[in-house]
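*Asks:* sequence first, predicted model second:
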Amino acid sequence: MDVVYAIESAAMSTPDGGSVLVRKGTHWPADDPLVRANPQWFADDPRYGLSWSGPPPAEMATPPVEQATAAPGEQRMTRRRA
């Protein structure tokens with residue numbers, strides 16, 4: 001089973017019209033309907049699900065930086081408003 005982690009705490013609407021409070025760092029099945037409907041709120045990076053008792057290790061202190069531009073040969077889907 002693939003697992004993803006919530007990157008922020010948020011109240012989310014479920015596909016059937018309900019509401020769920022998702023807490024930062026909780027793990028969810030990657031194929032859960034809530035995850036599929038809100039992929040921007042989840043990541044497969046396990047550092048979002050970690051806890052520690054003191055200051056975070058240096059490599060855990062900051063979340064990974066998203067790549068802003070396409071890699072060579074990669075196509076990005078964008079929509080521009082007319």
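*Replies:* Right, received. Where do you want to start?

*Asks:* I'd say residue 45 and residue 5 touch.
*Replies:* Yes - with contacts counted by C-beta atoms under 8 Å, residue 45 reaches residue 5, the gap being 6.9 Å. For glycine as for every other residue, the C-beta is placed from the backbone atoms N, C-alpha and C.

*Asks:* neighbour count: the two, which is higher?
*Replies:* residue 5 (19 against 13; other C-beta atoms under 10 Å).

*Asks:* looking at this, that one is in a strand?
*Replies:* Yes - assessed by DSSP: H, G, I helix; E, B strand; the rest coil, residue 5 belongs to a strand.

*Asks:* now for it: which residues touch it?
*Replies:* By C-beta atoms under 8 Å, 6 or more residues apart in numbering, the contact set of residue 5 is 25, 26, 27, 28, 42, 43, 44, 45, 46, 48, 49.

*Asks:* skipping adjacent residues, who's closest to it in space?
*Replies:* residue 48 (3.7 Å; C-beta to C-beta, 6 or more residues apart in numbering).

*Asks:* per-residue pLDDT, the residue lying closest to residue 1 once chain neighbours are set aside?
*Replies:* Residue nearest to residue 1 in three dimensions, not counting chain neighbours: residue 29, with 5.8 Å by C-beta to C-beta, 6+ apart. If you check residue 29, the pLDDT there is 96.
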